[in-house]
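Chemist: Need coordinates for the below:
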Amino acid sequence: DSLAAIYPQFAQSQKVQIADLKAVQKSIPNNQGVLEYVIADNELYLFYFSNTEYKIHRQVLDFSLDSLVKNVIDNIYWEGCGLKKGQRNQSCKNYTAGSFKLYEILIKPFEKEINDKSRLMIVPDEVLGWLPFQVLLSSLPETQGFYNEYDYLVRKFDISYTYSLTFQLDLIRRGKAGAGKSVLAFAPKFEGEISGNPRNSENSCALGSRRNFGELKFNIPEAKVIVDLLKGTLRSENLASVKSFFDLSSDYKILHFATHGQANEEEGKFSYLILKNEESGSNEILYMKDLSLLTNKLNAELVVLSACETGLGEFQKGEGIVSLGRGFFLAGAGSVINSMWSVDDASTMDIMKMLYKNLDKGMEKDKALRKSQLEYLSRDTVNHHPFYWAAFTAVGNMEPISGTGFLNLGWWIFGGSLVLFFLYWFIFRSRNQ
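Modeler: Numbering: from 1, shown residues only. Below you'll find the predicted structure:
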C-alpha cells in the first residue's frame, strides 16, 4: 500500500503544491546549505540550495551506487557482530574506502559552496535514504582503525534530513504545536533471553542491541535521566503501554521511546516498537500503521525513537522510505530523531543523555545531536567505531524546543526581576546612607 492508502485522512488534509524556488530559499537560514539528490536511470543529479544560490550538478553513474552505499552500511553494521581481527581489519578498509568515495560523489561537487556554512540539510533519494551522511569521510586517514581521528562530515556540519523540500516547507509553515508539558518517556522492562524474534540469519548479530527482544539494561536509566532533566513524565515497565501512548501523547512537546524496535522492509506499515500491556505485562506492538489513528493530532515538536531501525522500512517509488519515523510525522510530529541500524544499548544511552542536555540548553536539534556525537567521539573509554555513535539522524524542523535554554521567556522574566530587585535595594540603601 502507498502512504496515501495507509493514511487517507492525511492524504486529504495535506494537499500541498510543489514548493517554488523562492519559497524554498526564503525558508533556508543564512548558515545552512541544502543538498538534494535525484537518481534517474544511470545519472545522479545534485541540487544545491542556499538562501541566495541555486546550482545543479549532473553525474553519470558508471558504477552501482546501490552496491557502494550498501557496502558502507554493511561494514559499519558488522562491527556489532563480533568480527575476528582479520575480518575487522578488512571491514575497516571497506568502510574507509567506501565512505571516502561517497564523499567524493555526494559532497565534493558543492564543497566550495558549503564550506562557509555550519549547517547542512540532506534531501536523499532512493538508496541514499538509508545512508547517514555523518559517516562520510572528507579525507582518507593516515592510519586506519583510529576512528576518533577520522575526518567525518559531522565534524564540519550540523546535519539534518528531510523527505522533500515541499515536506520541509510544510513543516516550517505548520510551526510549533504548542503542547504544554515537556517530555513523555516510554521505557518498558525486558528480561530474560532473546525470544520471539523474527530476525533472519543475516541480522542475527548485534546481540547487545535494541533489536532483539531480550533484556535491556540501559533503556530505563536513560529515560529516568531525561525525565529528571526536563521535569517530564516517565512511563516505565508495564506502564509503558500502547494505551498510555494514545491517551497521553498529545499533551507533550517531546515523546521519547527507549525500547526494542524493528523495521519491515517488505511492508513498511508493519515496522514497529515494543511496548507493554499494563495489566499482564506482556509485550504489545505499536505498528507504524497504528499511528494513522493520530493523524495530525500529535503536538510533539520532537519524537525521539531510541530503538533499532526506526528510520528504516519499505522503499516506495515517489514516496521514499516508509518507516516508523515517517509515521510519527503523519501523526503530527514536527521532527523525529530515528536510527539507521540496530543500535547498541549502552552507547545509545550515552548519546541520548548528551542529546537532551544540549536540547535543554536551547540548541537546534541538529546541533544538539551533532554535539552529542562529537562528545562521544572525544571520550577515551568508548569504542569510536561509527556503529556505536552514528546511527541516529535528525529529520524535519530543527528549531529549538520551545521553552528551553537560558534565553527562554521564563529566564528573561526571572533575570529581569532579579535585576530590578537588586537595583531597588541598591537605591534604597544609598538613600538611607
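Chemist: and the nearest residue to Ala258 once chain neighbours are set aside, how many neighbours does it have?
Modeler: Distances taken as CB to CB, 6 or more residues apart in numbering place Asn219 nearest to Ala258, at 3.8 Å, with adjacent residues excluded. Any C-beta I mention is one placed from the backbone N, CA and C, and that applies to glycine too. Residues within reach of Asn219, counting by other CB atoms under 10 Å, total 28.
Chemist: Touching, Asn219 and Val225? I think so.
Modeler: No: counting by CB atoms under 8 Å, Asn219 does not reach Val225; the two are 11.2 Å apart.
Chemist: Need the overlap of contacts for those two.
Modeler: Listed as contacting both Asn219 and Val225 by CB atoms under 8 Å, 6 or more residues apart in numbering is no residue at all.
Chemist: What is the longest strand of this protein by residue count?
Modeler: Taking DSSP state E as the criterion, the chain has its longest strand at strand 32-40.
Chemist: Kindly export the very next helix or strand once past that one (C-alpha atoms) in PDB.
Modeler: Per DSSP states H and E, strand 32-40 leads on to strand 43-49 as the next helix or strand towards the C-terminus. Provided in PDB are the C-alpha atoms of strand 43-49 (Å, rounded to 0.1, in the frame of the first residue of the first chain):
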ATOM      1  CA  GLU A  43      22.500   9.500 -13.700                       C
ATOM      2  CA  LEU A  44      22.700  11.300 -10.400                       C
ATOM      3  CA  TYR A  45      21.500  14.900 -10.200                       C
ATOM      4  CA  LEU A  46      22.800  17.100  -7.300                       C
ATOM      5  CA  PHE A  47      21.000  20.300  -6.400                       C
ATOM      6  CA  TYR A  48      22.500  22.900  -4.100                       C
ATOM      7  CA  PHE A  49      20.300  25.500  -2.400                       C
END
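Chemist: and strand 43-49, which strands flank it?
Modeler: As defined by DSSP bridges, the strand partners of strand 43-49 come to strand 32-40 (antiparallel), strand 54-60 (antiparallel).
Chemist: so which of these gets nearest Val322?
Modeler: Val322 sits nearest to strand 32-40 of all those, at 18.1 Å, using CB to CB.
Chemist: now the closest one: mean pLDDT?
Modeler: Mean per-residue pLDDT for strand 32-40: 95.
Chemist: Using the three-state scheme, assign the most centrally placed residue in the chain.
Modeler: Nearest to the mean C-alpha position of the chain, by CA atoms, centre = their mean, lies Ile337 at 2.5 Å. With DSSP: H, G, I helix; E, B strand; the rest coil as the basis, Ile337 sits in strand.
Chemist: Please pull out the lowest mean pLDDT helix or strand from this protein.
Modeler: None of the helices or strands of the chain scores lower by mean pLDDT, DSSP states H and E than helix 8-13, at a mean of 52.
Chemist: quick one: Asn383 is in a helix?
Modeler: No: Asn383 is assigned coil when assessed by three-state DSSP, not a helix.
Chemist: Can you show me the strands along the stretch 51-200 of the chain?
Modeler: With strands called from DSSP state E, counting those that start in this stretch, the stretch 51-200 of the chain shows them at 54-60, 119-123, 158-161, 181-187.
Chemist: Residues contacting the first one, please?
Modeler: In this case it means strand 54-60. By CB under 8 Å, 6+ apart, strand 54-60 touches 21, 25, 42-48, 105, 109-110, 113.
Chemist: of all those residues, which two lie farthest apart?
Modeler: Greatest spatial distance among the contacts of strand 54-60 (CB to CB): Gln25 and Asn42, at 30.0 Å.
Chemist: ok, the two, which is more surrounded?
Modeler: More crowded of Gln25 and Asn42, by other CB under 10 Å: Gln25, with 17 against 11.
Chemist: Find the nearest non-adjacent residue to the residue nearest to the centre of the chain, please.
Modeler: With CB to CB, 6+ apart as the criterion, Ile337 has its nearest non-adjacent residue at 4.7 Å, and that residue is Val304.
Chemist: I'd assumed that neighbour was in a helix, is it?
Modeler: No: counting by three-state DSSP, Val304 is not part of a helix but strand.
Chemist: In contact with it: list those residues for me.
Modeler: Neighbour list for Val304: Ile254, Leu255, His256, Phe257, Val336, Ile337, Met352, Leu355 [criterion: CB under 8 Å, 6+ apart].
Chemist: Can you list the buried residues in stretch 372-392?
Modeler: Buried residues in stretch 372-392, defined by neighbour count with 16 or more other CB atoms under 10 Å: 372-373, 375-377, 383-392.
Chemist: Could I get the CA-only coordinates of that stretch as PDB?
Modeler: What follows is stretch 372-392, C-alpha atoms only, in PDB (Å, rounded to 0.1, in the frame of the first residue of the first chain):
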ATOM      1  CA  SER A 372      26.400  14.600  21.400                       C
ATOM      2  CA  GLN A 373      28.000  12.500  18.700                       C
ATOM      3  CA  LEU A 374      31.200  14.600  18.800                       C
ATOM      4  CA  GLU A 375      31.400  14.400  22.600                       C
ATOM      5  CA  TYR A 376      31.000  10.700  22.400                       C
ATOM      6  CA  LEU A 377      33.900  10.500  19.900                       C
ATOM      7  CA  SER A 378      36.100  12.600  22.200                       C
ATOM      8  CA  ARG A 379      35.900  10.200  25.100                       C
ATOM      9  CA  ASP A 380      38.800   7.900  25.800                       C
ATOM     10  CA  THR A 381      36.800   5.000  27.300                       C
ATOM     11  CA  VAL A 382      34.400   4.200  24.500                       C
ATOM     12  CA  ASN A 383      34.500   2.400  21.100                       C
ATOM     13  CA  HIS A 384      34.800   5.100  18.500                       C
ATOM     14  CA  HIS A 385      33.600   3.000  15.500                       C
ATOM     15  CA  PRO A 386      30.600   4.700  13.700                       C
ATOM     16  CA  PHE A 387      28.500   1.700  14.700                       C
ATOM     17  CA  TYR A 388      28.300   3.000  18.200                       C
ATOM     18  CA  TRP A 389      27.600   6.700  17.600                       C
ATOM     19  CA  ALA A 390      26.400   7.400  14.100                       C
ATOM     20  CA  ALA A 391      23.100   5.500  13.800                       C
ATOM     21  CA  PHE A 392      20.800   8.400  14.800                       C
END
